[in-house]
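Colleague: I'll drop the sequence and a predicted model, then ask my questions.
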Amino acid sequence: MIQLKNVYKAFGQKKVLQGFSLDVREGETMVIIGYSGTGKSVAIKHIVGLLEPDAGEVWVDNVRVDTLSRRELVQLRSKIGYVFQFAALFDSLSIGENVAMGLRKQGILSDKEIAARVEESLRIVDLDDVAHRFPAELSGGMRKRVGIARAVALRPKYILYDEPTTGLDPVTSAVIDELMVRMRDQLGVTGIVITHDMRSAYRVGTRIAMLYEGRARWVGTVDEIQQTDDPLVRQFIEGRPTLEPAA
């Protein structure tokens, strides 16, 4: 289970999180939505210790993340996959080398075992024949899938997806959505998805949280959010433009 408890985070004078709390249950896919710049990516970076809260607590499996040493953080991150917004692949490395990078850092598997894990991970995302190619040779959607394969290669308990469908056409977005559902249903991975795309949120989410003014404005199931009478939430999910969101 992942828990953020009353988390505050500011960068200089800019207050981003102002008492954000959220529980993510094992086996679910929690989708976090909200306006641009509200701190969605900032929130999930606390889960892997890329950021430390100014106040509040972050817990993963009853371990308090914001108190861990560097060595303990490395151990924690071994069970958390992170899919970056633009895949964050290294252009000078082949796809196979990109997927193998985290495994090599762990230093646990042999070269033969790493090669087998890379092949298996690419097969899971339906990219069996691209290990020898380079990121520049792939489409944006394929690079996103490689990012998921790199996360899956570590056999994580959790995967954090930061804007996984940004910049993709609707068909490719649907492919990425299907992969995220597959990670949950077939591999038992608990997921957190940051997105602005409500079609994607409805496809992959078991629950949805809306971050607004640094706090969780609303949390509930897909059915519940579609029926909510909260005017601000309705404005966001329906994409209705207005100069002043209803409070």
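Modeller: Here it is on my side, so go on.
Colleague: Count the neighbours of residue 179 for me.
Modeller: Close neighbours of residue 179, defined as other CB atoms under 10 Å, add up to 21. The C-beta positions use only the backbone N, C-alpha and C, and glycine is treated the same way.
Colleague: ok, then the element right after the helix or strand it falls within?
Modeller: Using DSSP states H and E, residue 179 sits within helix 170-187. On the C-terminal side of helix 170-187, the closest following helix or strand by DSSP H and E is strand 190-194.
Colleague: Could you pull up the mean pLDDT of the helix or strand just after that next one?
Modeller: As assigned by DSSP H and E, the chain's next helix or strand after strand 190-194 is helix 198-204. Here helix 198-204 scores 93 as its mean pLDDT.
Colleague: Run me through the strand neighbours of the very next helix or strand once past helix 198-204, direction for each.
Modeller: Following helix 198-204 in sequence order, the next helix or strand is strand 207-212 (DSSP H and E). The strands beside strand 207-212 in its sheet (DSSP bridges) come out as strand 29-33 (parallel), strand 215-221 (antiparallel).
Colleague: Show residues contacting strand 207-212.
Modeller: The contact list for strand 207-212 (CB atoms under 8 Å, 6 or more residues apart in numbering) reads 20, 22, 28-35, 38-40, 43, 201, 216-222, 225, 232-233, 236.
Colleague: Now a PyMOL select for only the buried ones of those.
Modeller: To isolate the buried members of the contacts of strand 207-212 in PyMOL, using 16 or more other CB atoms under 10 Å:
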select buried, resi 20+22+28+29+30+31+32+33+34+38+39+40+43+201+216+217+218+219+220+222+225+232+233+236
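Colleague: And the strands in this structure?
Modeller: In the chain, the segments counted as strands under DSSP state E are 2-11, 14-24, 29-33, 55-60, 63-64, 80-83, 158-162, 190-194, 207-212, 215-221.
Colleague: Which one of these has the poorest average confidence?
Modeller: Among those, strand 80-83 scores lowest, with a mean of 89.
Colleague: before we move on, the earlier item: would you reformat the strands of the chain as JSON lines and include distance to residue 104?
Modeller: Converted to JSON lines, the strands of the chain look like this (distance: least, CB to CB, whole Å):
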{"stretch": "strand 2-11", "distance to residue 104": "27"}
{"stretch": "strand 14-24", "distance to residue 104": "29"}
{"stretch": "strand 29-33", "distance to residue 104": "29"}
{"stretch": "strand 55-60", "distance to residue 104": "24"}
{"stretch": "strand 63-64", "distance to residue 104": "25"}
{"stretch": "strand 80-83", "distance to residue 104": "16"}
{"stretch": "strand 158-162", "distance to residue 104": "20"}
{"stretch": "strand 190-194", "distance to residue 104": "25"}
{"stretch": "strand 207-212", "distance to residue 104": "35"}
{"stretch": "strand 215-221", "distance to residue 104": "38"}
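Colleague: gap between stretch 89-98 and the chain center?
Modeller: 21 Å (CA atoms, centre = their mean, to the nearest Å).
Colleague: got a list of contacts for it?
Modeller: 101, 115, 118, 122, 127, 130-136, 138, 143, 146-147, 150.
Colleague: follow-up on the earlier one: to residue 164, which of the strands paired with strand 207-212 lies closest?
Modeller: Closest approach to residue 164 among the strands paired with strand 207-212 (CB to CB): strand 29-33, 10.7 Å.
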